[in-house]
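Q: The amino acid sequence is not available; the structure is as follows:
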């Protein structure tokens, strides 16, 4: 199938498919006699895998490793688990950081009168 059909079947737009090929996330597509990309069912499966991994927040570097592990039938599951748990740790750190930011903004909002007067601790804090 051509790139438009592959995009529709995988849910990954054509621009991203080209990008993923260019950075080695997915293998280069076969080419027709006229030079157009041709995708197999296996290629579509890989693209769906990548899309799902992106949805889980994995970085492109991590996805490249995951695709390699997925395609390597002699892989150790411990390698996959290690990568997944590292990602969980990163997500938990990001959650903690965002929670801290939300608490700080909530405190600033609570200290703002929110009336017609011009003084506002939120703006004062941002100006520091």
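A: Arrived safely, thanks for sending. Because the structure is a prediction, the values reported are computed rather than measured. Numbers count the residues shown, from 1 in each chain.
Q: quick check, distance from the helix ranked longest in the chain to the centre of its chain.
A: Longest helix in the chain, counting residues (DSSP state H): helix 77-111. Its chain's C-alpha centre lies 15 Å from the corresponding centre of helix 77-111 when counted by C-alpha atoms, centre = their mean, to the nearest Å.
Q: for the helix or strand that that helix is followed by, packing partners?
A: Using DSSP states H and E, the helix or strand that follows helix 77-111 towards the C-terminus is helix 121-127. Under the contact criterion of 3 or more C-beta pairs under 8 Å, 6 or more residues apart in numbering; DSSP states H and E, helix 121-127 touches helix 77-111. The C-beta positions use only the backbone N, C-alpha and C, and glycine is treated the same way.
Q: And the helix it packs on, what does it pack against?
A: Using 3+ C-beta pairs under 8 Å, 6+ apart, the elements in contact with helix 77-111 are helix 60-71, helix 121-127.
Q: Please name the nearest non-neighbouring residue to the residue nearest to the spatial centre of the chain.
A: Central residue of the chain (C-alpha atoms, centre = their mean): residue 54, 3.5 Å from the mean position. Excluding the flanking residues, the one nearest residue 54 by C-beta to C-beta, 6 or more residues apart in numbering is residue 63, at 6.8 Å.
Q: confidence score at the one you found?
A: Looking at residue 63, its pLDDT stands at 96.
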